[in-house]
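> Sequence and predicted structure are below.
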Amino acid sequence: QVQLVESGGGLVQPGGSLRLSCATSGFNLDYYTIGWFRQAPGKEREGVSCISTSDGDTEYADSVKGRFTISADNAKNTVYLQMNSLKPEDTAVYYCAIPYYRSYYYSLAPDGYDHWGQGTQVTVSS
């Protein structure tokens, strides 16, 4: 059974940092892209970052480049999103996801991902 569980969200002041974790089980992390997404109230879900765990390729949304870093620890079946220099506009529920039925998929577009975690709230406010 494929499972993804996010953790690490919380309330942080502007300019602060958080590290999100996505613990995975039920599949071999070596063979899939893992994506991080976010959804703010009243807005569509958007891709933040993704990583191909087989070769380490990464991709970032323009809005987070230089501030967020995605990484994977295949031995722990966990993917991380280090978020620095956080801004109020980063406030959202953050999700991790995999394209389980499309293992070749590598994109920030949410449509190709079919298994999602429950999300973790990130609030950036003073």
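Thanks, I have the structure now.

> does the residue sitting nearest the centre point of the chain have beta-bridge partners, and which?
The chain has Trp36 as the residue nearest its centroid, 2.0 Å off, counting by CA atoms, centre = their mean. For Trp36, the beta-bridge partners are Ser49, Cys96 (DSSP bridges).

> quick one: contacts for Ser52?
Neighbouring residues of Ser52 by CB atoms under 8 Å, 6 or more residues apart in numbering: 33, 58, 106. Bear in mind the C-beta positions are built from the backbone N, C-alpha and C, glycine included.

> Whichever of those residues end up buried, select them in PyMOL.
The PyMOL command for the buried members of these (criterion: 16 or more other CB atoms under 10 Å) is given here:
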select buried, resi 33+106
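
> Including pLDDT and secondary structure, could the contacts of Ser52 go into TSV?
Converted to TSV, those look like this (pLDDT from 0 to 100; DSSP: H, G, I helix; E, B strand; the rest coil):
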residue	pLDDT	secondary structure
Thr33	93	strand
Thr58	96	strand
Tyr106	90	coil
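
> Tyr32: neighbouring residues, count only.
Neighbourhood size, Tyr32 [other CB atoms under 10 Å]: 25.

> which residue sits closest to it, ignoring its sequence neighbours?
With CB to CB, 6 or more residues apart in numbering as the criterion, Tyr32 has its nearest non-adjacent residue at 4.8 Å, and that residue is Ile98.

> which ones are touching that neighbour?
Taking CB under 8 Å, 6+ apart as the criterion, Ile98 is in contact with 2, 4, 24, 27, 32-35, 113-115.

> Nearest residue to Ser17 in space, please, no chain neighbours.
Ser17 sits nearest to Asn84 (CB to CB, 6+ apart), 4.7 Å away.

> Over to Tyr94?
With sequence-adjacent residues excluded and distances taken as CB to CB, 6+ apart, Tyr94 is closest to Arg38, at 4.9 Å.
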